[in-house]
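A.B. asks: Test case, fold it:
(2 chains)
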Amino acid sequence: MATGVLEEYGTRQRLLNSDRLLAGALIAPAIIYIVALMGVPFVLSIYYSLSDVTTGGTDAPFVGLANFRALVGDPTFQQTLYNTFLLSGMTLLVVLVLGTIQAELLIRSFRGKWLVRFLILLPWTAPVSLSVIGWLWMFDSIFSPIDWSLREAGLLGHPGALLGPATNLYWLGSGGLPMASIILVNVWRILPLGTVIVLAGLNSIPREVEEQALIDGAGYFRRLFQITLPMMLPIFGIAVLFTFVFTFTDMVLVYILTRGGPANSTHVLTTLAFFTGVQGGSLGQGAAVALFMFPVLTALSAIVLLLIRRREV
Amino acid sequence: MDVRAQSKRAGWRMGAHMGIGLFTLFSALPFYVMLITAFKRESDLYDPQNNPFWFTEPPTMANLDLLFGSTKFLTWLLNSFLVGALVVVITLVLVIPAAYSLARLAGRWGETLGIGIFLTYLVPPTLLFLPFAKVMAFLELQNSLWALVVAYPTFTVPFCTWLMLGFFKAIPRDIEEQAMVDGYGRLGAFVYAVLPLAVPGILTVVVFAFTLSTSEFIYALAFVQNSVQKTVSIGVPSELVRGDVFRWGSLLAGALIASIPVSILYTLFIDQFVAGLTALAK
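C.D. replies: Now for the predicted structure:
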């Protein structure tokens, strides 16, 4: 009996010793793949941003920080930076508020919930480059279904109408409206993600806590502010992180809705990088624009991760 | 008192139903308009007086005929499927051993390294695509589906390794230890005792590697200009929006048809997706 246990122990020890090597061998391919295919472009993008490389040429003369200096003084770039933060900030705010409300509504069970769930998730689950085409039609300058509804409701298209006498609003036209339209579509797209993250958080709160509070006579808002929200803080951290990152780094919305127009007024960092680097051919300048995202992403991820992990200790 | 509480509760419930109705309308309305428009006659569609949410003239199949007959829509669908399938294979080959290694063998290093790998998922394609296009040119893969097959695992592998790590952690160590005591080696125990229990996780990885690949836009836009090599997520917006056959009916039909299967797959597995994201908070 005793020798059997010893033998078993010996086998385990031998296996554990060879485990270290095996662990390395199993994980190496994934790490090599990622480091090679993300590391090389990343290092190259830093190098490009410091050089005057174009799509046509092969040599890349080193120009130091000239690309960054040119950008900082460029009004289009300043507008772009402002747009990027405006889009991310507004989306974050609206998604957190609406996502919490929507999660509170969806946590109950009701008839036909699976269908409602499917429909509510659609904006997030459908490929964004395809679903945004639907919005391009919703915002059409003549046939916009939104404008039609407003005209039918008497809010648009006759003298004295609340939204003006013109037959159309020109959602992607001029002034502040195109940026507002982009924010609307972005909220539409990210809201399902925010909702399911908050919903996962709500579901993870032990029922007993909530029930005890109910027995103790705590009202809805007391429960919301003293139990639900504090327990949900790490989850809100997650929702903030991903809402911000997915908005901040997205290019599709602006690319399809406005292409940065009219007159470069709706560019975000990603589309400006694309049009400068690919369409304009100035790879160096484009890489510099894209690199502006990196410190923001790093800082935000670090802050959120630290906050989330500190709470637990 | 009782009556008042009751009517208050009924009020809450009605408010909740209205709220759910409004949210559903907000989410689904563009898709509904896409569906109606896909079957509208041109003369019906291009009259600003006509109701855009319903048919003024009888519905027609002409838009679908045009989409499947006169555009490369089917080719793009096929390309998307091919790229998705190949990316799934590469992802599985890289992710399963890596996640198992992180979950079992690498000890407390496992978690730190796991989070590290996940964080690379936060490095966006929009940051890398310019030099990445040059790397693809150097590998002589530009303008080819293979560029996408090579590039997409850079975001599926980090995310799926993280997901798979969670699944492997949930399988008790006793199971493979018993298998090893029974005479299997580490590898045998993994294949015969652990993998069968990890099937739900593997299925999740398959679905996400596939849906993330078929939805990708930026690399596809930057690497592929040749229209027969495009995937559906760039073919429709780049060739139909500003192409020769610019017809809203076919365009919206194409966007809707390609979206629905991806959405259904994604919806079935979204809880796993969220579990992956929220695992960071644990």
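
A.B. asks: any idea how far the closest residue to chain B within the stretch 151-300 of chain A lies from residue B:233?
C.D. replies: Closest contact between the stretch 151-300 of chain A and chain B, by C-beta to the nearest C-beta, is at residue A:249 (3.4 Å). In short, each C-beta sits where N, CA and C put it, glycine included. Counting by C-beta to C-beta, to the nearest Å, the gap between residue A:249 and residue B:233 amounts to 17 Å.

A.B. asks: Give me the below-cutoff pLDDT ranges for the stretch 151-282 of chain B.
C.D. replies: The stretch 151-282 of chain B contains residues with pLDDT under 70 at B:242-246.

A.B. asks: Show me the helices in it, by range?
C.D. replies: B:153-169, B:173-181, B:186-189, B:199-215, B:218-223, B:232-235, B:248-278 (DSSP state H, counting those that start in this stretch).

A.B. asks: Same check on the stretch 1-150 of chain B?
C.D. replies: Using DSSP H, counting those that start in this stretch, helices in the stretch 1-150 of chain B cover B:2-38, B:42-45, B:62-70, B:73-100, B:109-119, B:125-138, B:145-151.

A.B. asks: for the second one, packing partners?
C.D. replies: Yep, that's helix B:42-45 we're talking about. Judged by 3 or more C-beta pairs under 8 Å, 6 or more residues apart in numbering or on different chains; DSSP states H and E, helix B:42-45 is in contact with helix B:248-278.

A.B. asks: same check, this time on the first one
C.D. replies: Counting contacts by 3+ C-beta pairs under 8 Å, 6+ apart, the secondary-structure elements packed against helix B:2-38 are helix A:75-106, helix A:113-125, helix A:128-138, helix A:177-204, helix B:248-278.

A.B. asks: cool, and the last one?
C.D. replies: Helices and strands touching helix B:145-151, by 3+ C-beta pairs under 8 Å, 6+ apart, are helix B:73-100, helix B:125-138, helix B:218-223.

A.B. asks: One more pass at 7 Å, please.
C.D. replies: Contact partners of helix B:145-151 among helices and strands, from 3 or more C-beta pairs under 7 Å, 6 or more residues apart in numbering or on different chains; DSSP states H and E: helix B:73-100, helix B:218-223.

A.B. asks: could you say which helix or strand contains the most centrally placed residue in chain A?
C.D. replies: The centroid of chain A falls nearest to residue A:246 when counting by C-alpha atoms, centre = their mean (1.6 Å). Using DSSP states H and E, the element containing residue A:246 is helix A:229-248.

A.B. asks: Residue A:187: how many residues sit nearby?
C.D. replies: Residue A:187 is flanked by 23 other residues according to other C-beta atoms under 10 Å in any protein chain shown.

A.B. asks: Next, the buried residues of stretch A:261-269.
C.D. replies: A:264-269 (16 or more other C-beta atoms under 10 Å in any protein chain shown).

A.B. asks: same thing with stretch B:76-86?
C.D. replies: Using 16+ other C-beta under 10 Å as the burial criterion, the residues of stretch B:76-86 that qualify are B:76-77, B:79-81, B:83-84, B:86.

A.B. asks: so for it, what's the average pLDDT?
C.D. replies: Averaging pLDDT along stretch B:76-86 gives 96.

A.B. asks: quick one: is it near chain A?
C.D. replies: No. Stretch B:76-86 does not reach chain A (C-beta under 7 Å from any C-beta of the partner chain); its nearest approach is 9.0 Å.

A.B. asks: What's the local residue count around residue 249?
C.D. replies: Using chain A. 23.

A.B. asks: meant chain B actually
C.D. replies: Count around residue B:249 with other C-beta under 10 Å applied: 23.

A.B. asks: contacting residues around it?
C.D. replies: Residue B:249 sits next to B:37-38, B:40, B:45, B:63 when contact means C-beta atoms under 7 Å, 6 or more residues apart in numbering or on different chains.

A.B. asks: okay if I get the helices of the stretch 1-150 of chain B as TSV plus distance to residue A:196?
C.D. replies: Putting these into TSV (distance: least, C-beta to C-beta, whole Å) gives the following:
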stretch	distance to residue A:196
helix B:2-38	12
helix B:42-45	35
helix B:62-70	32
helix B:73-100	23
helix B:109-119	18
helix B:125-138	23
helix B:145-151	28
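
A.B. asks: and residue A:77, which of those is closest to it?
C.D. replies: helix B:125-138 (15.9 Å; C-beta to C-beta).

A.B. asks: Surely residue A:271 touches residue A:257?
C.D. replies: No. If you go by C-beta atoms under 7 Å, residue A:271 and residue A:257 don't touch, sitting 10.1 Å apart.

A.B. asks: These two: who's more crowded?
C.D. replies: Set residue A:271 next to residue A:257 and count neighbours by other C-beta under 10 Å: residue A:271 wins out with 26 against 22.

A.B. asks: you'd agree the more buried one is in a strand?
C.D. replies: No. Secondary structure of residue A:271 (DSSP: H, G, I helix; E, B strand; the rest coil): helix, not part of a strand.

A.B. asks: returning to what we had before: in this model residue A:292 seems to touch the residue of the stretch 151-300 of chain A closest to chain B, though I could be wrong.
C.D. replies: No. Shown here, residue A:249 and residue A:292 do not form a contact pair, counting by C-beta under 7 Å, at 11.5 Å.

A.B. asks: Just the pLDDT for the nearest residue to residue A:92 once chain neighbours are set aside.
C.D. replies: Nearest residue to residue A:92, sequence neighbours excluded (C-beta to C-beta, 6 or more residues apart in numbering or on different chains): residue A:243, at 5.2 Å. As predicted, residue A:243 sits at a pLDDT of 94.

A.B. asks: now swap in residue A:310 and tell me
C.D. replies: Per the predicted model, pLDDT is 66 at residue A:310.

A.B. asks: same check, this time on residue A:64
C.D. replies: 82.

A.B. asks: doesn't it fall inside a helix?
C.D. replies: No. Read with three-state DSSP, residue A:64 is coil and lies in no helix.
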